[in-house]
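**Q** model the following, please.
(chains A and B)
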Amino acid sequence: MADTFDYNKKRIAPAKVIRWTLLALGGIAMVMPIVFMLSTSLKWPHEIYNLKIIPDEPTIENYTYVLEDGRFYQWFWNSLVIATITTISAVIFDSLVGYTLCKFRFRGRMIVFVAILSTLMIPTEMLVIPWYLMAKDFGWLNSYWGIMFPGVMTAFGTFLMKQFFESVPDDFLEAARIDGLNEFQIWWSVAMPLVTPALSALAIFIFLGNWTAFIWPLIVTNDPALYTLPVGLTTFSVEQSVEWELIMTGAALATIPTLIVFLVFQRYIIRGVVMTGLKG
Amino acid sequence: MATVELRKLVKTFGKTEVLHGIDLAVEDGEFVVFVGPSGCGKSTTLRLLAGLDDVTSGQILIGGEVVNNLAPKERNIAMVFQNYAIYPHMSVRKNIGFGLRTAKMPKADKEKRIDEVAEILGMTELLERRPAQLSGGQRQRVAIGRAMVRDPSVFLFDEPLSNLDAQLRTQMRLEIKKLHQDVGTTIIFVTHDQVEAMTLADRIVIMKDGHIQQVGTPSDVFQNPANMFVAQFIGAPSMNMLEGTVIDAGIQLGAGPIIAHQNQFSTNKITVGIRPGALVPAVHGDKVLMEGTIEIVEPLGAESLAYVDINGTKVIATVSGRAPPKLGEVLELTCPPEEIHFFDTASGLALS
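**A** Down below sits the predicted model:
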């Protein structure tokens, strides 16, 4: 019998199979911790070392306990205030400095830029001691400001915004200059709306960084009323035992604001990308 | 409306001098076009006028007032940029009204002014749209609208048509010319396209390497070019340039023919310039200026361009579009004496 070729039978390239498999494995690796976090939060204490994803006896008792514990709300509020103020501050100051370094020519511009960039090479662990000494000298220990001050402006954000402002044509700024706007108005009304995707990405990044920050808030505060969520959740871990089900419940609740932030800013990222395609 | 005057204007970037003492006076309500090749300094001059760059030395006067130290917004000028510079995040209404943001006038008056400008430009229907929803020509109109809304004394246009396709460019050219006739404001327009310059300008300023080569009306710079650069830059295709030597009978061209000429020249080495449009096939009775073999014929519709080889020198002549001569044919060419230009080969300057 002569060979026939079945045109309806689609062949899948091996490279595609490998790509999909790798992506699927990557996806599973990223989703599994979240699945286990949710699973553990629905387990009774005796079940938590059982690796079953679906608990034998699911319970919402942990959620009731955490939400009825007044401390959770305090930690949540502290984290929200700190992450929100730091995000707003960093987005404004990073973009202001990034814009200045990108669009203004002045003596020493490159030195300033390199100096800011070079701070990215210093790990947080090394900065913690000088930060602590500063906070102590200025009387900022055990205060919101003490937790926030290292993050109100970031070298990474400055670098990111400088690079994004490169894509804003100078004509836009010059047109506004001729129309009579001052330099601050030009930055705010013309340049900033044109880099919305970058601002959104930066806002998400800064918010998540501050929402999940642990080492610095742990060091700078010892008043439980000022604990942030990650620091507060560790109080469920005591010398004799670690109440994983409560920690995971707190962690699951803590992801809600980050999801909201991501979903809100994601829209601006997409809208920003649509606008950047505009040209003559 | 206002006059504009440039006095010994010099601009340097670092150690490089890009404008070498420009002098120019623009009349009130005049449409002046700066034209020249890339890097000639035309856009730099416009930016100095707008106040976007600082003057190194010299003076800029707008309406008789020295404006060197005034910020762009204090010069009462408006500028239309090459890529329009209209803001993608704002509607057409907001874009047009952007120039009024700092104007101290009631909101209702601002809205009225925006509506007036939109009507002049035929954009009333498009006021609520975003720039992304507009065509290239409409975006250009928005940019012009934003310039018009403040009722400036001088309009500056920096190659505003170069992003448009050929058809739209012609249409917008007419609209800009009509706009100038309607509003009568002084316009300074920069382009590298000599057709744009010829069609739009009351006067053309031809620049090269930071120097003004010639200032004149379109017909003046076309018919009486000051030097070989202007002669070749203005007019398409470029003027034929044939080097020659003065002899008793006239000028002996390197390609062989002799151009009879009685005038006395101060120099021996002469370059003869003849525009392709003036170099035509000789018909019965015409005095034959030169003859050569046709190498290429480019049909343009109404007429054709013939590339003719005259003893190794190439010239372009204009021939009939309806019945163009064939390739390889020997063509006898003639030219009215008044269409022949003479230049000093060494200095490039026109000789009377």
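**Q** helices of the stretch 51-200 of chain B, start to end?
**A** B:92-97, B:107-120, B:136-148, B:166-183, B:194-200 (DSSP state H, counting those that start in this stretch).
**Q** need the contact partners of the fourth one.
**A** What that stands for is helix B:166-183. B:31, B:120, B:136-137, B:140-141, B:144, B:148, B:157, B:160-161, B:164, B:187, B:189, B:196, B:199-200 (Cβ atoms under 8 Å, 6 or more residues apart in numbering or on different chains). Glycine gets a C-beta too; all of them are placed from N, C-alpha and C.
**Q** whichever of those residues end up buried, select them in PyMOL.
**A** Of those, the buried ones go into a single PyMOL selection, burial set by 16 or more other Cβ atoms under 10 Å in any protein chain shown:
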select buried, chain B and resi 31+120+136+137+140+141+144+148+157+160+161+164+187+189+196+200
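**Q** from the contacts of helix B:166-183, list the ones also adjacent to chain A.
**A** Within the set of these, contact with chain A (Cβ under 8 Å from any Cβ of the partner chain) is found for B:136, B:164.
**Q** okay, stretch A:221-236 in CSV with CA atoms only?
**A** Output in CSV follows, covering the C-alpha atoms of stretch A:221-236 (Å, rounded to 0.1, in the frame of the first residue of the first chain):
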residue,chain,number,x,y,z
THR,A,221,11.3,48.1,66.0
ASN,A,222,10.8,46.3,69.3
ASP,A,223,7.4,47.7,70.1
PRO,A,224,4.8,45.0,68.9
ALA,A,225,2.4,47.8,68.1
LEU,A,226,4.8,48.9,65.3
TYR,A,227,5.4,45.4,63.9
THR,A,228,4.8,45.0,60.2
LEU,A,229,3.0,41.8,58.9
PRO,A,230,6.1,39.8,58.2
VAL,A,231,7.6,40.6,61.6
GLY,A,232,4.3,40.1,63.4
LEU,A,233,3.7,36.7,61.8
THR,A,234,6.9,35.5,63.3
THR,A,235,5.4,35.8,66.8
PHE,A,236,3.4,32.7,65.9
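**Q** pLDDT score assigned to the residue most central in space within chain A?
**A** Closest to where the C-alpha atoms of chain A average out (Cα atoms, centre = their mean) is residue A:208, at 2.4 Å. We have a pLDDT of 88 for residue A:208.
**Q** now do the one helix or strand in chain A whose mean pLDDT sits lowest: which elements does it pack against?
**A** Every helix and strand of chain A was ranked by mean pLDDT, DSSP states H and E. The lowest is helix A:244-275, at a mean of 79. If contacts are counted by 3 or more Cβ pairs under 8 Å, 6 or more residues apart in numbering or on different chains; DSSP states H and E, helix A:244-275 sits against helix A:14-41, helix A:61-68, helix A:70-103, helix A:196-211, helix A:229-233.
**Q** how about the residues of the stretch 101-250 of chain A that lie near chain B?
**A** A:169, A:171-172, A:174-181, A:189-190, A:193-194, A:196.
**Q** and the worst-scoring helix or strand of chain B on mean pLDDT, which strands flank it?
**A** Least confident helix or strand of chain B, by mean pLDDT, DSSP H and E, is strand B:258-260 with a mean of 81. Partner strands and pairing direction for strand B:258-260 (DSSP bridges) are strand B:250-253 (antiparallel).
**Q** then the strand it pairs with to CSV, C-alphas only?
**A** Output of strand B:250-253 as CSV, limited to C-alpha atoms (Å, rounded to 0.1, in the frame of the first residue of the first chain):
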residue,chain,number,x,y,z
GLY,B,250,33.6,82.6,-25.7
ILE,B,251,34.0,79.8,-23.3
GLN,B,252,35.5,76.5,-24.3
LEU,B,253,33.8,73.8,-22.3
